[in-house]
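Trainee: only geometry, no sequence info:
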């Protein structure tokens, strides 16, 4: 299990360097959980207790509209973070569902431990600020892509940014993420 936490250490140290003592403090803030393919970590309307670091597996975060249509907001695979951020930070109910597309292993960080870590270790506050900024930039790029690009261009952008991710996503789920039907996806890329 120690090597699992090493993945987190390597991830953090891409942004900030930690001493062994500092990482021991960080490490004890997380709990490890495993989920099976198709498990929902949380569903719309439920309380969101954690922000998640993906050790292995693949997640999708989505919203279901009043017509039961699924709108995929994001994916998360190894070395990525995911949660319903608003619900997590406000201790509110989820607007989204977080579902496993593969068997998944996560490190889970509660809001209490997040705040304690950031209050006691400025390096981690800097780390999370940088991750938040990168996430905000990614969200803006996705919105801009939907406003200015067609499905084919969105697909090409996704392949350029995350070729490994595209190979792991089922076609129906990929079509939903791109905002097209599976048939349209097949016609565009056959």
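Mentor: Received the coordinates, thanks. Remember, predicted model here, so these are calculated numbers, not experimental data.
Trainee: only C-alpha atoms from now on, for both contacts and neighbour counts.
Mentor: OK.
Trainee: in the lengthiest helix in the chain, which residues are buried?
Mentor: If you go by DSSP state H, the chain has its longest helix at helix 122-148. Using 16 or more other C-alpha atoms under 10 Å as the burial criterion, the residues of helix 122-148 that qualify are 123-125, 127-128, 131, 142, 145.
Trainee: quick one: the helices in this structure, in order.
Mentor: So, for the chain - with DSSP H - the helices run 2-12, 20-27, 85-90, 111-120, 122-148, 151-161, 163-168, 171-178, 182-189.
Trainee: next, the angle helix 2-12 makes with the fifth one.
Mentor: Angular relation of helix 122-148 and helix 2-12 on a 0 to 180 degree scale: 70 degrees, by axes from the mean of the first three to the mean of the last three C-alpha atoms, to 10 degrees.
Trainee: and what of the second one?
Mentor: Helix 20-27 runs at 100 degrees relative to helix 2-12, counting by the same axes, to 10 degrees.
Trainee: the fourth one too?
Mentor: Here the directions of helix 111-120 and helix 2-12 differ by 60 degrees (the same axes, to 10 degrees).
Trainee: centroid-nearest residue for the protein?
Mentor: Nearest to the mean C-alpha position of the chain, by C-alpha atoms, centre = their mean, lies residue 82 at 2.8 Å.
Trainee: which residues does the least confident helix or strand in the chain by mean pLDDT contact?
Mentor: None of the helices or strands of the chain scores lower by mean pLDDT, DSSP states H and E than helix 182-189, at a mean of 73. For helix 182-189, the surrounding residues in contact (C-alpha atoms under 8 Å, 6 or more residues apart in numbering) are 152, 171-172, 175-176.
Trainee: ok, residue 41 touching residue 101?
Mentor: No: counting by C-alpha atoms under 8 Å, residue 41 does not reach residue 101; the two are 11.3 Å apart.
Trainee: higher neighbour count, these two?
Mentor: residue 101 (22 against 19; other C-alpha atoms under 10 Å).
Trainee: and the buried residues of helix 122-148 as TSV, adding distance to residue 4?
Mentor: Shown next, in TSV, are the buried residues of helix 122-148 (distance: C-alpha to C-alpha, whole Å):
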residue	distance to residue 4
123	21
124	19
125	22
127	19
128	20
131	20
142	31
145	35
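Trainee: which of those residues sits closest to residue 12?
Mentor: Distance to residue 12 across the buried residues of helix 122-148 (C-alpha to C-alpha) is lowest for residue 127, with 6.9 Å.
Trainee: on that earlier part again, which of the helices of the chain sits closest to residue 76?
Mentor: Per C-alpha to C-alpha, nearest to residue 76 of the helices of the chain: helix 163-168, 8.7 Å.
Trainee: cool, thanks, signing off.
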